[in-house]
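In: could you work out the structure for the sequence below:
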Amino acid sequence: MEEFKKLPIAIKKADLPIGCSKKIFSYEYYKLLIESNRKRLRTAFEKRNSLVNLEFLEILHEKTRLNGALDIRKLLTDSNRTGFFDYSDRLSCSETHTRGYTYIVSLDKGLTATEKLLILKKDIFEALLYLEKSSSPLEKFAISDYIKNALLTILNALLSQEKIGKFDFGNEEYQNVRTRLIDATMTAVEFHYQFFFKTDDSICFEKNFREELFQLIGYLEKKSAKRYGRIEGSALSRPEASHPLVIFYSSMKLLFFCPNIETIIGLPSGGTELALVTGLNYKRYYGFCPEIILFPLSLHSAKDVYGEQAVLNFDKIKTFWEKHKTSLSERTVLVCDDNSSTGKTLQYLLDSVEQYLQKGKIIFSVAEADIIRTLIDRNNPKRKYIANPMLFEHSVSVLPVSSYIQPKSDLKEIQERREIIRYHRQKLKTAKSKVDEIYHEIFISAAEENTADVIEKIDKKFILDNFHGTKLSNFYATPIELKNVQYPSVEHAYQHQKFSEEALEASAPSIHDEIVEAMRARGYGAAIIDVRSLFTDPTFNAGNIKIVADILRKHGLGRSDWARLRVKTMIELLLCKFSKSEMRQALVSTGHHYLIEGNDWNDFLWGFCRGHGKNLMGRILMNLRERYRNDIEF
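Out: Sure, this is the predicted structure:
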């Protein structure tokens, strides 16, 4: 291994030492390394008369799944359960393990950020309530996992904008929320991991913790509802080494064998929990917590959220490190992450931070040796880089990766994606309407296939990605009846459903004036007497009604439950539209073309833009087309 110390973190395969031993890149080598690290940890626990609760660790070893879910059927009886897990969506589809749909909802690609936040918020506040009722340490551990997970997911979503250099140092409100949310998440992490230790001083949540979370989540909810600069649903995703034993063992390995750490850099979303747990464990053992810096940097995940905008440059990154240079200079700095196969992200970080270290020292550590993907990359001529084996020196687990089913996919994520699909399939079985059926079918579709992946495999001549001016467009002028009201188009009806009649009736005169001015700028000169009448006026086009709705929502008149209703509302409207033979024929005539709501206005929910998007509109249309083609009764 000595020869690799002089090489970069991300090694160009062409620069590999000619005589490098094949065993350095073998699965067997790393398996032995992991076993050695685990054995050294166990010895350290015993020699130091450790505070670690070894009995608790054994329980987790025996009763947890690959993704860290607990088998509560074997751990908790009806007599020592409070009722938190009576809500079936919190359990696996088999209803035997924790970390069910609500826990992994951030991975459901069909939902908006607002919808995900509502579910995570429910988990947080109900978990806090049931923690007060519980007397079982194991149940408290299982319940607190939901608080920890939700807050980590929310924190990583807030920080996601920083992955493309939007650090917002001048935004006092953002920086305040950022600091407070990190503190709140650290409190939740500390509560959860206290069960790994023998201690008489149990950690509790302060009385004002609920109010603090209510305010912080409220900030995220407002940000997710914005039309521009909002948090995207894909930002609310936390794919990291979240098995509690992996996180705990990794932090303790660093604690015992790198005792002089003064600054910890965590890389959200992969390294957030590991950085916080490591800092807290240093505090527990050594009486001080190293300074923790969360620096969102992921060359891969940023593209999933921001597409082509996910381009970093050193000038933007430099502004971040200028703010933290005193935390780096002459210090021993630990950079921790969940895993890495090419080392490119960590190499990028090192290149950007190296000038600020001066006499300082930097240590890199990943929790799980990503050796399977490394081996795949090593044998793939298209992959130019491979991770330096030194990165895995402190690893305590081998990342479970699929080599055959879905090559290079994290098995934990595959398992969780299947859980989401099973959830929607179960709901589909009990669906009480066609709208509900289609709703769950398109969400299954979104979980099973990524639009970008499908496009790569299909000849472009079999893709229809522009509905503008066609009968497939929601703007197409064809009368729609909903709840006994006639609308000029689907768009008119859809925009109207965003508001209650009471809210529209109570809209202030100043809002009315703003709408009039906006319409004049678009060449609409007719008098506007009642805003409500615009939604049913056939002379008022769909483009204008969309702008009117945006103005009304900007002033807070939109329905608070709209995020929950929007997809089913759209399905209902499209069922009305395509119930007409002319419209139905236009849809069926698209044959087997893959339908995409292509756009250039950053609609990632209904459409596909700049290489990514959920394309729910295209999925609904293809679902209806298949039903009409097969003459399914409506």
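
In: I figured Ala431 hits Phe443, correct?
Out: No. In this structure, Ala431 is not within contact of Phe443 by Cβ atoms under 8 Å, at 11.7 Å. For every residue, glycine as well, the C-beta is placed using N, CA and C.

In: mind checking which of those two has more residues around it?
Out: Remark: of Ala431 and Phe443, Phe443 carries more neighbours, 25 against 14, as counted by other Cβ atoms under 10 Å.

In: these two touch, right, the more buried one and Gly110?
Out: Yes. Taking contacts as Cβ under 8 Å, Phe443 lies within contact range of Gly110: 4.2 Å.

In: which SS class is the closest residue in space to Arg522 that isn't next to it in sequence?
Out: Sequence neighbours aside, Asn544 is the residue nearest to Arg522 in space, at 6.3 Å (criterion: Cβ to Cβ, 6 or more residues apart in numbering). Following DSSP: H, G, I helix; E, B strand; the rest coil, we place Asn544 in the helix state.

In: any idea how many residues pack against Asn544?
Out: Quick note: Asn544 (other Cβ under 10 Å) scores 20 neighbours.

In: state the distance from it to Ser397.
Out: Counting by Cβ to Cβ, to the nearest Å, the gap from Asn544 to Ser397 is 57 Å.

In: contacting residues around Ala225?
Out: 114, 558, 563 (Cβ atoms under 8 Å, 6 or more residues apart in numbering).

In: could I have the buried ones of the residues you listed as PyMOL selection syntax?
Out: Of those, the buried ones go into a single PyMOL selection, burial set by 16 or more other Cβ atoms under 10 Å:
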select buried, resi 114+558+563
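
In: redo the contacts of Ala225 as a markdown table? Include distance to Pro538, pLDDT and secondary structure.
Out: Formatted as a markdown table, the contacts of Ala225 follow (distance: Cβ to Cβ, whole Å; pLDDT from 0 to 100; DSSP: H, G, I helix; E, B strand; the rest coil):
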| residue | distance to Pro538 | pLDDT | secondary structure |
| --- | --- | --- | --- |
| Thr114 | 32 | 89 | helix |
| Gly558 | 24 | 91 | strand |
| Ala563 | 29 | 84 | helix |
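
In: can you put the contacts of Ala225 in CSV and add distance to Thr374?
Out: Output for the contacts of Ala225, formatted as CSV (distance: Cβ to Cβ, whole Å):
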residue, distance to Thr374
Thr114, 38
Gly558, 48
Ala563, 41
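
In: which single one of the contacts of Ala225 is nearest to Ala527?
Out: Among those, Gly558 lies closest to Ala527 (Cβ to Cβ), at 25.3 Å.

In: my guess is the closest one contacts Gln497. True?
Out: No. Using Cβ under 8 Å, Gly558 is not in contact with Gln497, being 10.2 Å away.

In: so where is the stretch 351-500 of the chain shaky, pLDDT-wise?
Out: Scanning the stretch 351-500 of the chain for pLDDT under 70 picks out 404-407.

In: okay, now the unreliable bits of the protein?
Out: Using pLDDT under 70, the chain drops low at 1-2, 17-25, 49, 227-229, 239-241, 299-313, 404-407, 632-634.

In: centre-most residue in it?
Out: Ser237 (1.0 Å; Cα atoms, centre = their mean).

In: now it: phi and psi?
Out: The phi/psi pair for Ser237 (degrees, to the nearest 10) reads phi -150, psi 140.

In: how far out from the middle of the chain is the strand or helix carrying Ile420?
Out: Per DSSP states H and E: Ile420 is located in helix 411-429. Offset of helix 411-429 from its chain centre (Cα atoms, centre = their mean, to the nearest Å): 16 Å.

In: show residues contacting that helix.
Out: Against helix 411-429 from outside (Cβ under 8 Å, 6+ apart): 65-67, 89, 92-93, 100-101, 104, 107-108, 239, 242-243, 400-402, 405-406, 436-437, 440-441, 443-444, 447-448.

In: among those residues, which are located in strands?
Out: Among those, none falls in strands (DSSP state E).

In: from the residues you listed, list the buried ones, please.
Out: Neighbour counting by 16+ other Cβ under 10 Å classes 65, 67, 89, 92-93, 100-101, 104, 107-108, 239, 242-243, 400-401, 437, 440-441, 443-444, 447 among these as buried.

In: would you map the helices across the stretch 201-350 of the chain?
Out: Along the stretch 201-350 of the chain, counting by DSSP state H, counting those that start in this stretch, helices occupy 209-225, 244-257, 272-286, 301-306, 314-323, 344-357.

In: check which helices and strands the third one is in contact with.
Out: Looking back up the chat, that one is helix 272-286. helix 137-159, helix 172-193, helix 244-257, strand 263-266, strand 291-294, strand 332-337 (3 or more Cβ pairs under 8 Å, 6 or more residues apart in numbering; DSSP states H and E).

In: angle of it against helix 244-257?
Out: 50 degrees (axes from the mean of the first three to the mean of the last three Cα atoms, to 10 degrees).

In: going by neighbour count, which residues in helix 272-286 are buried?
Out: Buried-residue list, helix 272-286, by 16+ other Cβ under 10 Å: 272-282, 284-285.

In: for the residues you listed, give me a markdown table that also has distance to Leu158.
Out: Output for the buried residues of helix 272-286, formatted as a markdown table (distance: Cβ to Cβ, whole Å):
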| residue | distance to Leu158 |
| --- | --- |
| Thr272 | 11 |
| Glu273 | 15 |
| Leu274 | 18 |
| Ala275 | 16 |
| Leu276 | 15 |
| Val277 | 19 |
| Thr278 | 21 |
| Gly279 | 19 |
| Leu280 | 20 |
| Asn281 | 24 |
| Tyr282 | 25 |
| Arg284 | 27 |
| Tyr285 | 30 |
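
In: closest one of these to Ser50?
Out: Distances from Ser50 to those, taken by Cβ to Cβ, are shortest for Tyr285, at 9.2 Å.

In: neighbours of the nearest residue in space to that closest one that is not next to it in sequence, how many?
Out: Closest residue in space to Tyr285, ignoring its immediate chain neighbours: Leu255 at 5.9 Å, by Cβ to Cβ, 6+ apart. If you count neighbours by other Cβ under 10 Å, Leu255 ends up with 19.

In: my guess is Leu255 contacts Pro290. True?
Out: No. Counting by Cβ under 8 Å, Leu255 stays clear of Pro290, with 10.5 Å between them.

In: what is in contact with those two at once?
Out: Applying Cβ under 8 Å, 6+ apart, one finds that Leu255 and Pro290 are jointly contacted by 278, 282.

In: contacts only, for the closest residue to Trp606 other than its chain neighbours.
Out: Nearest residue to Trp606 in three dimensions, chain neighbours excluded: Met617, at 4.2 Å (Cβ to Cβ, 6+ apart). Counting by Cβ under 8 Å, 6+ apart, Met617 touches 467, 474, 570, 597, 606-607.
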